[in-house]
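Chemist: quick one: sequence plus predicted model below, questions after.
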Amino acid sequence: MISIISIIINITIIIITITTNIITITITIITMIITVISIIITVTTIIVNKAIYIITTILFITITMIIINNITLTIIIILTIINTTIIIALIIFITITFTFTITITIIAAMEVKEFCLDKERSPEPWERKSPGKPGDKAKFRVAHMTQHYAGVYSCHYHSPAGWSERSDPLELLVSGESGKPSLLTQQGPIVASGQSLTLQCRSDVGYDRFVLSKEGGWDLPQSLVLQPHAGLCQAHFPLDTVSSSHGGQYRCYGGYNLSSEWSAPSDPLDILIGGKLPDRPSLSVQPGPRVASGENVTLLCQSQSPTDTFLLSKEGAADPPLHLRSKHRAQQYQAEFSMSPMTSTNGGTYRCYSSHSTSPYLLSLPSEPLELLVSGDPVNITPSVQTPNSTSGPQVPDYTVENHIAMGLSGLILVVLGVLVFQAWYSERRSPGVN
């Protein structure tokens, strides 16, 4: 009898437990449905889909639990799964709600009320500006740039959260107030890909620093001036190993340490990168590689590949290469470089390159070298002007002094022979009268 009562009590306890869990689940489901409805109003479709998926899963588990409610162990397992699912669902919803609140707070904190532009050594903000419309930026314009606006600037803004930190400094430079420097290259204007390249900026004005600028690209770090030499101050800008990105037009400026004023820009220097196009043009000369001074000569650069421009370069010359637009003739692209009249300064070794208008600073492989010899002058080839630290080729010996000495000795010998001939003639003329 006691066993039956004990069994009834245990069954009653189980039924009470199941009923309590069902009530708890029902209340939880109702709470979750209310929460889901609130989330549907405030969150995106993706979050709604997740909530519906969770609700469907819970309903499926509930139906399964009702079907197999007469199996105690299964009920306990299902209840455990349901409780775990509820906890996970609550964690997901709490996380979603918290994330949504944080996002709104951050967006609200980014609402800018005022921007301030500060200039170094200025006690008050240089200029204040409110956003014209909701946003996070403002433009400060300078209509006419003068030395008054040169300096180091930074900006910060005011929002409901307070004042922001200052931005990174920006130095605004004014050029054109003093003498322009010169920009040179040690390797010549055409550099092969993979070689090292160093640009040199120098001036006879006593600048403290130089800066190198690339058109349409980056500004290189400022360089302090090297020790002045022969009245020139100079700085070297090593560009390391040359690649396609180094091709372009460069200028340099000179300045002083305690001023934001910069000089007028140097004359532009074009750096051309050879060997970046697969084409290799050919170079020929008419009437031939050996010409007399005063003759007319034409150098013909040709290529079978489509090209826009041909460039003619003289080895060791500091001047930029000559440019000519290509012409399509007889299944070939070509350009004729005329030289007339020829002088000794035109002698030297020439190469030609091709390029495309879409990337004018990237050149083809060079043609085979063509040596042009000019005769008729005392010295056939005048050495080209070399850039600093460049190595010159073989120098033609200067025999001017030796020639003068030889001519003087020849003249002296002729005078002596003339005296001897005159003396012999005079003695012979006097001989008949004596006899």
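Modeler: Structure's in. What do you need? Everything numeric in this text was worked out from a predicted model, so none of it was measured.
Chemist: residue boundaries of the helices in the protein?
Modeler: Here the chain has its helices, by DSSP state H, at 2-42, 45-67, 72-109, 400-434.
Chemist: worst average pLDDT in these?
Modeler: Lowest mean pLDDT of the helices of the chain: helix 72-109, a mean of 50.
Chemist: which intervals of the stretch 151-300 of the chain have sub-threshold pLDDT?
Modeler: Applying pLDDT under 70 to the stretch 151-300 of the chain flags residues 171, 173-178, 218-222, 227.
Chemist: please, where are all the strands along it?
Modeler: 151-159, 162-163, 170-172, 182-185, 190-192, 196-203, 209-214, 223-224, 233-241, 248-255, 269-277, 282-286, 290-292, 297-303 (DSSP state E, counting those that start in this stretch).
Chemist: which one, of those, ends up nearest to V415?
Modeler: Of all these, strand 290-292 sits nearest to V415, with 35.0 Å by C-beta to C-beta. Placement of C-beta: from N, CA and C, glycine included.
Chemist: where does pLDDT dip in the stretch 301-435 of the chain?
Modeler: Using pLDDT under 70, the stretch 301-435 of the chain drops low at 377-404, 406, 429-435.
Chemist: can you give me the neighbour number for L212?
Modeler: 24 (other C-beta atoms under 10 Å).
Chemist: bridging residues for it?
Modeler: C252 (DSSP bridges).
Chemist: go on, H156?
Modeler: Bridge pairing for H156 - DSSP bridges - gives C116.
Chemist: pretty sure it sits against S164.
Modeler: Yes. Between H156 and S164 a contact is recorded at 4.9 Å, counting by C-beta atoms under 8 Å.
Chemist: tell me the bridge partners for L183.
Modeler: With DSSP bridges as the rule, L183 is bridged to C201.
Chemist: distance of it from L269?
Modeler: Distance check for L183 against L269: by C-beta to C-beta, to the nearest Å, it reads 5 Å.
Chemist: so what sits against both of these two?
Modeler: 199, 250-251 (C-beta atoms under 8 Å, 6 or more residues apart in numbering).
Chemist: would you map out the domains in this protein?
Modeler: Domain segmentation of the chain under automatic domain parsing yields 2-109, 114-133+146-172, 182-274, 278-375.
Chemist: want to throw the ones you listed into TSV with distance to M407?
Modeler: Formatted as TSV, the domains of the chain follow (distance: least, C-beta to C-beta, whole Å):
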stretch	distance to M407
domain 2-109	95
domain 114-133+146-172	64
domain 182-274	38
domain 278-375	21
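Chemist: figure out which of the ones you listed is closest to A424.
Modeler: Per C-beta to C-beta, nearest to A424 of the domains of the chain: domain 278-375, 43.0 Å.
Chemist: first vs last residue of that closest one, how far apart are they?
Modeler: Length of domain 278-375, first residue to last, C-alpha to C-alpha, to the nearest Å: 36 Å.
Chemist: what do you get for stretch 216-233?
Modeler: 27 Å.
Chemist: could you do stretch 119-138 as well?
Modeler: 16 Å.
Chemist: among the domains of the chain, which comes closest to G411?
Modeler: domain 278-375 (27.0 Å).
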